[in-house]
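S.K.: how would this look folded up:
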Amino acid sequence: MAKKKAFALRINEDMIKAIEKWASDEFRSTNGQIEWMLMQYLKEQNRMPKPKKTNDDNKSDS
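M.R.: Numbers count the residues shown, from 1 in each chain. Presented below is the predicted three-dimensional model:
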């Protein structure tokens, strides 16, 4: 799983209320909903981050 970084987000009150409602409708946390929304937009715009190679990816099964 990718490492997560916390940061402050300033957002207008009406927008956060709409996101909170949407999150509730989808059984997600508000934070989870915002992450999901951002990921959807990255996919739509072909801007998905490239997966990082880990040491496990480089090991053989021998």
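
S.K.: What residues sit buried inside the longest helix along the chain?
M.R.: When the chain is parsed with DSSP state H, its longest helix is helix 30-44. For helix 30-44, a neighbour-count test (16 or more other Cβ atoms under 10 Å) marks Gln33, Ile34 as buried. Backbone N, C-alpha and C define where each C-beta goes, glycine included.

S.K.: Let the chain start at 13 from now.
M.R.: Noted, 13 is the first residue going forward, which turns the last one into helix 42-56.

S.K.: what's the average pLDDT for stretch 17-34?
M.R.: The average pLDDT within stretch 17-34 is 96.

S.K.: and that stretch, which residues are buried?
M.R.: Those would be Ile31, for stretch 17-34 by 16+ other Cβ under 10 Å.

S.K.: And that stretch, end to end?
M.R.: Taking Cα to Cα, to the nearest Å, stretch 17-34 runs 23 Å from one end to the other.

S.K.: who's in contact with that stretch?
M.R.: Thr42, Gln45, Ile46, Met49 (Cβ atoms under 8 Å, 6 or more residues apart in numbering).

S.K.: switch the cut-off to 6 Å
M.R.: Applying Cβ atoms under 6 Å, 6 or more residues apart in numbering, the external contacts of stretch 17-34 come out as Thr42, Gln45.

S.K.: where's that stretch relative to the chain centroid, distance-wise?
M.R.: Its chain's C-alpha centre and that of stretch 17-34 lie 14 Å apart, by Cα atoms, centre = their mean, to the nearest Å.

S.K.: roughly how far apart are Arg40 and Trp34?
M.R.: From Arg40 over to Trp34 the distance is 8 Å, taken as Cβ to Cβ, to the nearest Å.
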